[in-house]
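All I have is the shape, not the residue letters:
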Ligand SMILES: Nc1ncnc2c1ncn2[C@@H]1O[C@H](COP(=O)(O)OP(=O)(O)O)[C@@H](O)[C@H]1O
Ligand SMILES: [Mg+2]
């Protein structure tokens, strides 16, 4: 089966900045694929190239089997794109239904199909019962779902979602995630750009971590976290350097990092490592001010590959 999106060494430079740098991507039909990275990593630039809105400086990309540079019309017919920017206020004085119906005309939905199609997409995003209210009265999450509805009007095979839950409250974010999963279950392939670790973790089948325009690593969230290995001990101490030296060679430690005030000690198994760490600290006379342990998160994956924390980088 040919991938639905395939980018090879995709590159885009703006003057002196290489926003996207030899990016390779393979997205299979029916998956929710994430591009996870801090602000400025190159996510939007990647999506704009795949959506044929921006020419690559070099490299190639095919979407639904068509080349984005050579066959942009064929690509556009098959994609939906929900942009990062918030809703255009020009539509606030329309009802949700009117806004979608106007958009349908722009997407060349045949006139006699507009009403039914608008009702269908409003239903998909859970706005059917609010369709006749003014957009002005919608919450942020509802406005975002209205944009999602517009992106679905021409029944795209691939939907590009650029930071779909940016600025939404927790409840709206969860509703958005449910809708994205629903789209996937309905057969739509989704490419989702985000800088939220939990969003990437919760709804992406696979993801690429992107930093400075480069793909850092790719895999399922579970596999990426598993590759970090075991558990992570998080230790606060005023003697960071000495602690790092002391534990550096211990057999139960796989890696040590200190991206901030907290020392991250990656270990095979916390149940073995915790008592060993206590003993070691006691013997060396290092006072541990705070100690906790967790399973690796995607933040640890980012840290492992870039030496920085995604939370900090963003
Ligand atoms: N039109 C543009 N002109 C100049 N620089 C740009 C332009 N668009 C994006 N960039 C730069 O490219 C880099 C990547 O931006 P972007 O793709 O928007 O990142 P992200 O979506 O991951 O936050 C940033 O350094 C940004 O400033
Ligand atoms: Mg962006």
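Perfect, thanks for sending it. Everything numeric here is computed off the predicted structure, so don't read it as measured data. Ligands and ions are numbered 1, 2, ... in the order given.

what domains does the record give for the protein?
Domain ranges of the chain: 5-222, 230-295, per automatic domain parsing.

Residue of the protein closest to ligand 2, please.
residue 44 (3.2 Å; C-beta to the ion). Where C-beta positions appear, they are placed from N, C-alpha and C, glycine not excepted.

Adding mean pLDDT, distance to residue 303 and mean neighbour count, write the domains of the chain out as TSV.
Listed next are the domains of the chain as TSV, based on pLDDT from 0 to 100; distance: least, C-beta to C-beta, whole Å; neighbours: other C-beta atoms under 10 Å:
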stretch	mean pLDDT	distance to residue 303	mean neighbour count
domain 5-222	93	11	19
domain 230-295	91	6	16
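
what's stretch 298-311 in contact with?
Applying C-beta atoms under 8 Å, 6 or more residues apart in numbering, the external contacts of stretch 298-311 come out as 36-38, 195, 197, 200-201, 209, 211, 216-217, 221, 224-225, 227-228, 232, 255, 257, 259-260, 264, 266, 313.

Residue 119 in helix, strand or coil?
Judged by DSSP: H, G, I helix; E, B strand; the rest coil, the three-state class of residue 119 is helix.

Does it touch residue 131 like I think?
Yes - contact criterion C-beta atoms under 8 Å: residue 119 and residue 131 qualify, at 7.4 Å.

Return every residue with contacts to both of the two.
In contact with both residue 119 and residue 131: residue 97, using C-beta under 8 Å, 6+ apart.

Next up, phi/psi of residue 149, please.
The phi/psi pair for residue 149 (degrees, to the nearest 10) reads phi -60, psi -40.

Offset the numbering so it begins at 109, please.
Fine by me, first position is 109 from now on; the one you just mentioned is residue 257.

ok, residue 203 to residue 122 distance?
39 Å (C-beta to C-beta, to the nearest Å).

For ligand 1, what is the nearest residue in the stretch 259-408 of the chain?
Nearest residue of the stretch 259-408 of the chain to ligand 1 (C-beta to the nearest ligand atom) works out as residue 301 at 6.3 Å.

Report the central residue of the chain.
For the chain, the residue nearest the mean C-alpha position is residue 302 (3.1 Å; C-alpha atoms, centre = their mean).
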